[in-house]
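Fold the following, please.
(2 chains)
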Protein chains: 2
Amino acid sequence: MFSKNIGKWLEPTGPEADVVLSSRVRLARNIRGLLFPGHASPAELESIVQHCETALHRFSIYEPDLFVRNQELTPLRAGYLTERHLISPDFLRLNQHKAAFILGDETLSVMINEEDHLRLQVLASGLDLGPVLKELQTFDDALGGELGYAFSEQLGFLTACPTNVGTGLRASVLIHLPGLVLSREIDKILRGALQVGLAVRGLFGEGTETKGNLFQISNQVTLGKSEEEIVEGVAKTTQDIIGYERKMRDYLLEKLKPEVEDKVFRADAVLRSARLLSSAEATNLLGVLRLGVTTGLLPKPDLRTLNELLILCRPSNLQVYFDQEMPSQERDARRAELVRARLLSV
Amino acid sequence: MFSKNIGKWLEPTGPEADVVLSSRVRLARNIRGLLFPGHASPAELESIVQHCETALHRFSIYEPDLFVRNQELTPLRAGYLTERHLISPDFLRLNQHKAAFILGDETLSVMINEEDHLRLQVLASGLDLGPVLKELQTFDDALGGELGYAFSEQLGFLTACPTNVGTGLRASVLIHLPGLVLSREIDKILRGALQVGLAVRGLFGEGTETKGNLFQISNQVTLGKSEEEIVEGVAKTTQDIIGYERKMRDYLLEKLKPEVEDKVFRADAVLRSARLLSSAEATNLLGVLRLGVTTGLLPKPDLRTLNELLILCRPSNLQVYFDQEMPSQERDARRAELVRARLLSV
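Next up, the predicted model:
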């Protein structure tokens, strides 16, 4: 953890990895008979952390690379984990008795005492929600057996926020949709996703603008369907969107080739030449480069390098990479340096 | 004329050619006893054209490459001459009995029946207003001897518009001021120029925005001073501005080197990679490249190539270069092609 490596979920080895970067399923769980974190006293919160820690350590197959209390995390390291989608932005806020449990390859992670007692997550490369759910269910069943979850026959799993009650499941994919954005079909597609109960957001969660044409598609409803049905619904709609995206890429290359080439070759040139690169600009240009590589307009870099740069260019990951806290201006210079070096080396 | 060559005034051979692209002096003259063009009948206008043509042909030392009536000019060719500052944008408008007389190297030109009967102009490379004025005066004296100018002992040369009366002289320089723009000192400098009676405008005349950090400095007052005094005034202020500009370039390279490098290397990369380039963007990026070359941040291209591209990237010159009328989108593609080829060949 806190290394220059990227998580296994960012290796472009999964299905449809040219369009879908990653699949994620998380479950919200709470321990029977205990107050939700927002209502528990500090002493109760501390006892929940210890209780969970003990239970987690009983699974030797899930050897964590990191088991960390939020008080032990520097803001930089918390940022690093947030940027890698391993903890939430709220992890350092509110009550002080939280902990995170993360496997070294970043495929499985647990947050304790965030909004719920437990948030369990499995992350994988490409569009691979079915296997992700299976792995998560195995883990969830074992952990639930140890801890005893709060469960109602009528409602399902009980959660702090009613939007999670039932399965407590959120399935999401991180998807690259430059074809739909450039052809201006994206709004239609997003409205369609909304109509089948899915939410579509920019890469870095709610309220942030869409950068690099990267979107996150996830289910909004957690109640009234089985875990498998929810995951299948997200997977099916994602598969449809991938189909539209590929069609639009073909259309763009046929009808607007000079415009697409112009965009792609400029992005490549700027990334190889800039001396200062903000995080937002890097994300945007790397998104354009990804379009160039996946459509064959650019012979390189490979998808792995693109995924790697996408994470390493985020502010906290960049500083961990260079093992140094830096003001914004210096980060921009080092980011440009890193991108240039990587693109020249492949 | 109408060739791929650039005028002699765009060769970077004149004094201070790294900062000042060109010097120009023009004289407004009218023939004694004839109505100004705005008031003359078509028959009178036609007789003025013929009268001037005859007089001009008497000077075999000024062998024109082009003597053309406005009716004979296509809009494309008129655009070409306008972009090269050899005729005014108004040349094709209003009355139909105009003509232009232009030497092949573009150093000397005459417009007949624009606002005044005669507009005489000499253009040269760099900051070279003194010699330019001398050459123009020699030509003006000879032509005035042939035609007989309208002149008042009290007012000087009479002109259609009172802003030109007196000497009828407008001296101007085309100057590149990226140092003053980037350091945000430009407004102070422009206010100072205004206070000593000079006007400062963007490259392509009044009312157009400043592109590529190229400015035109010229006198506003034509009355109450001798031709030599006016020209010396413009030259002196220009010399002062060059001094500030060089100081600001040194300052920027010392204090903001990463920002300047970033700007310069990006501009170079984009010009070498873009597949579509608008005229405005090309002008802007070539301006940044010029800063890079003159400060030593970039080893190439040479100033001649930069000056050449600056003219060839203008819409009409581009079409004459490719010997083909083209819609805007196609021009952008051919412009990018031309720029790429030129920058790769030097």
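
So what does the residue positioned nearest the centre of chain A look like in phi/psi?
For chain A, the residue whose C-alpha lies nearest the mean C-alpha position (Cα atoms, centre = their mean) is A:H85; its distance is 4.4 Å. A:H85 adopts backbone torsions of phi 60, psi 30, taken as degrees, to the nearest 10.

Just the pLDDT for it.
Looking at A:H85, its pLDDT reads 92.

my guess is it meets A:V122, correct?
No. Because the distance of 11.5 Å does not satisfy Cβ atoms under 8 Å, A:H85 is recorded as not touching A:V122. To be clear about C-beta, it is placed using only N, CA and C from the backbone, and glycine gets the same treatment.

shared neighbours of those two, anything?
A shared contact of A:H85 and A:V122, defined by Cβ atoms under 8 Å, 6 or more residues apart in numbering or on different chains, is any residue touching both; here these are A:R24.

So for the strand ranked longest in chain A, what gets flagged as buried?
The strand spanning the most residues in chain A, taking DSSP state E as the definition, is strand A:20-29. For strand A:20-29, burial by neighbour count (16 or more other Cβ atoms under 10 Å in any protein chain shown) applies to A:V20, A:L21, A:S22, A:S23, A:R24, A:V25, A:R26, A:L27, A:A28, A:R29.

Same check on stretch A:213-231?
Applying a neighbour-count criterion of 16+ other Cβ under 10 Å, the buried positions in stretch A:213-231 are A:213-219, A:221-223, A:225, A:227, A:230-231.

how far does that stretch stretch from start to finish?
As for stretch A:213-231, its first-to-last residue distance stands at 23 Å under the measure Cα to Cα, to the nearest Å.

just how off-centre is it within its chain?
A distance of 14 Å separates the centroid of the chain from that of stretch A:213-231, by Cα atoms, centre = their mean, to the nearest Å.

pLDDT on that stretch, on average?
Along stretch A:213-231, the predicted local confidence has a mean pLDDT of 93.

and the helix ranked longest in chain A, does that touch chain B?
Looking across chain A with DSSP state H, the single longest helix is helix A:227-255. No. Shown here: helix A:227-255 not in contact with chain B (Cβ under 8 Å from any Cβ of the partner chain), separated by at least 12.6 Å.

Show me what the helix or strand following that helix is in contact with.
On the C-terminal side of helix A:227-255, the nearest following helix or strand under DSSP states H and E is helix A:257-273. Among residues not part of helix A:257-273, those counted as contacts by Cβ under 8 Å, 6+ apart are A:182, A:252-253, A:277, A:282, A:285-286, A:288-289, A:291-292, A:295, A:297-298, A:339-340, A:343-344, B:265-266, B:268-270, B:272-276, B:329, B:333, B:336.

Also stretch A:144-159?
With Cβ under 8 Å, 6+ apart as the contact definition, stretch A:144-159 has outside contacts at A:27-34, A:51-52, A:55, A:58, A:115-116, A:118, A:165-168, A:223.

Contact distance from chain B - what residues of chain A qualify?
Within chain A, the residues that sit near chain B (Cβ under 8 Å from any Cβ) are A:258-259, A:261-262, A:265-266, A:268-270, A:272-276, A:333, A:336.

Which of those sits closest to A:L45?
Distances from A:L45 to the residues of chain A next to chain B, taken as Cβ to Cβ, are shortest for A:A333 (41.8 Å).

The closest one and A:L76: what is the separation?
Plainly put, A:A333 is 18 Å away from A:L76 if you go by Cβ to Cβ, to the nearest Å.

Those two - which one has more neighbours?
When A:A333 and A:L76 are compared on other Cβ atoms under 10 Å in any protein chain shown, the one with more neighbours turns out to be A:A333, at 18 against 15.

Name all residues that make contact with the residue of the stretch 101-250 of chain A found nearest chain B.
Nearest residue of the stretch 101-250 of chain A to chain B (Cβ to the nearest Cβ) works out as A:L182 at 14.0 Å. With contact taken as Cβ under 8 Å, 6+ apart, A:L182 is in contact with A:M248, A:L252, A:L256, A:E259, A:V260, A:K263.

A:A274 now?
Going by Cβ under 8 Å, 6+ apart, A:A274 touches A:A336, A:V339, A:R340, B:D262, B:F265, B:R266, B:A269.

One more: A:R170?
Taking Cβ under 8 Å, 6+ apart as the test, what A:R170 contacts is A:V25, A:R26, A:A28, A:N164, A:S218, A:N219, A:T222.

Now with 7 Å, please.
Contacts for A:R170 were tallied using Cβ atoms under 7 Å, 6 or more residues apart in numbering or on different chains; they are A:R26, A:S218, A:N219.

Any chance of a markdown table for the residues you listed, columns distance to A:R93?
Conversion of the contacts of A:R170 to a markdown table gives the following (distance: Cβ to Cβ, whole Å):
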| residue | distance to A:R93 |
| --- | --- |
| A:R26 | 19 |
| A:S218 | 22 |
| A:N219 | 25 |
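
Would you mind listing the two of the residues of chain A next to chain B that lie farthest apart?
Pairwise distances across the residues of chain A next to chain B peak at 33.1 Å for A:P258 and A:A333 (criterion: Cβ to Cβ).

neighbours around A:T74, how many?
Taking other Cβ under 10 Å as the criterion, the count of residues near A:T74 is 12.

And it, how far from A:L92?
Shown here: A:T74 relative to A:L92, a distance of 10 Å by Cβ to Cβ.

Run through chain A and note the low-pLDDT ranges.
Along chain A, the parts satisfying pLDDT under 70 run over A:60, A:94-95, A:203-210.

Next, please give the residue ranges for the helices of it.
With DSSP H, the ranges of helices along chain A come out as A:42-57, A:75-83, A:129-147, A:178-182, A:186-195, A:227-255, A:257-273, A:279-294, A:303-312, A:315-321, A:328-345.

Name the residues of stretch A:118-132 that are buried.
Buried residues in stretch A:118-132, counted by 16+ other Cβ under 10 Å: A:118-129, A:132.
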